[in-house]
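A.B. asks: this is a predicted model, with the sequence first.
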Amino acid sequence: MELYRMRGDMLPKIHFVDEAVMGASWRHRKRKDLEYIMYVAKHGEMYLEEDGVPLCLKAGDMCILDKDRTHVGVRPSECEYYYVHFMHDDFRLLRFADDREAVRLLSKSREEALNSDIFSYDQCENSPVYLPRHCHIGSKAVRFKVEELLQMAMQENYKSVENYKVMCACYVQQAFMEISRCFLDEAGESQRSGRPVYYEMVGKMVEWLNQNYGKEVASPFLEELFGHNFDYMNRVFKKVNGKTVFQYLTQVRIHHAKLLLCNTSMKIGEIGKRVGFPDEYYFSRVFKKYTGISPAAFARSGQGGEKENFI
């Protein structure tokens, strides 16, 4: 397996992005470009060779043609596809003799993301994106999202107004990330030995808790929502995140409380209710337990601008 590794916080440089509809007599000409090319096939088939290695693209397939390799069409074909010509200052090809080794690398990246603090900048810095050189985007939802993003990138590229190339690159970068996530999900499904089966569930739990922290949350409700015994969910959640479900939930609630204390004039009781603590006195006790200071004192101190770690 071959993967490209790129820095997620560094945008690609987009030369051109467009879509093409080719008739049955069309065949890709032989060339070696000075930039990378991503193809996303919509309909039909495209038959290529890259340095003698055959490559057939069908609807839903994605491939990246390397700037250091020669590619050529090997037979006429009728097809419709998107293409993106780009460069990137940190784009490296990784080769794996064993596909399971690649899946383990991707799983480690997913685990680090799940174990990260959503209120920190740490995940923004040097975060890798892994793109397969060739894959099939099995999820129709992801395929639709990628095509939508490439359409938006095309529109920006044609505008030629201020910062249009940056906007175009942002949409392409998001398409890269959608493909990368989908590839890990589907590779993990086909190679269970390389990726624990509970990763997807933990990811959904983290997303749900981040969005619904202000609601009343009880273990029976979570069991019904995610379809597993809570003890099992709690155990695997802690294995991935280093915290139990309710420790993580408290972390999220306390941080949102800090933001409200520093940036609004809401009363402490109102803030407690907003973040999931309907009892003001209980909210104050929990807040002080995890921060070492009462909510009122925190609001007066103006600590919201400092970099903080929780729990």
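C.D. replies: Nice, thanks for sending it over.
A.B. asks: what comes up buried for the helix or strand harbouring residue 81?
C.D. replies: Of the helices and strands defined by DSSP states H and E, residue 81 is found in strand 79-87. Residues of strand 79-87 classed as buried by neighbour count (16 or more other Cβ atoms under 10 Å): 79, 81, 82, 84, 85, 86. No exception for glycine: its C-beta is placed from N, CA and C like everyone else's.
A.B. asks: ok, it: who's next to it in the sheet?
C.D. replies: Strand 79-87 pairs in its sheet with strand 13-22 (antiparallel), strand 36-50 (antiparallel), by DSSP bridges.
A.B. asks: follow-up on the earlier one: same list, the buried residues of strand 79-87, but as JSON lines with pLDDT and distance to residue 43 please.
C.D. replies: Converted to JSON lines, those look like this (pLDDT from 0 to 100; distance: Cβ to Cβ, whole Å):
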{"residue": "79", "pLDDT": "91", "distance to residue 43": "7"}
{"residue": "81", "pLDDT": "95", "distance to residue 43": "8"}
{"residue": "82", "pLDDT": "96", "distance to residue 43": "11"}
{"residue": "84", "pLDDT": "96", "distance to residue 43": "18"}
{"residue": "85", "pLDDT": "96", "distance to residue 43": "21"}
{"residue": "86", "pLDDT": "96", "distance to residue 43": "23"}
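A.B. asks: using TSV, lay out those together with distance to residue 140.
C.D. replies: Converted to TSV, those look like this (distance: Cβ to Cβ, whole Å):
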residue	distance to residue 140
79	19
81	17
82	16
84	21
85	26
86	25
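A.B. asks: and the longest helix along the chain, which residues are buried?
C.D. replies: Longest helix of the chain, by residue count under DSSP state H: helix 164-190. Within helix 164-190, the residues that qualify as buried are 165, 167-188, counting by 16+ other Cβ under 10 Å.
A.B. asks: that helix packs against which elements?
C.D. replies: strand 13-22, helix 99-114, strand 128-132, strand 134-136, helix 140-159, helix 199-211 (3 or more Cβ pairs under 8 Å, 6 or more residues apart in numbering; DSSP states H and E).
A.B. asks: can you show me the CA trace of the third one as PDB?
C.D. replies: What follows is the C-alpha trace of strand 128-132 in PDB, where atoms were taken according to Å, rounded to 0.1, in the frame of the first residue of the first chain:
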ATOM      1  CA  PRO A 128      -0.900  14.800   9.500                       C
ATOM      2  CA  VAL A 129      -3.400  13.900   6.800                       C
ATOM      3  CA  TYR A 130      -2.900  10.500   5.100                       C
ATOM      4  CA  LEU A 131      -4.200  10.100   1.600                       C
ATOM      5  CA  PRO A 132      -4.200   6.800  -0.300                       C
END
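A.B. asks: and that strand, how far out from the chain middle?
C.D. replies: Relative to the chain's own centre, strand 128-132 is displaced by 10 Å; criterion: Cα atoms, centre = their mean, to the nearest Å.
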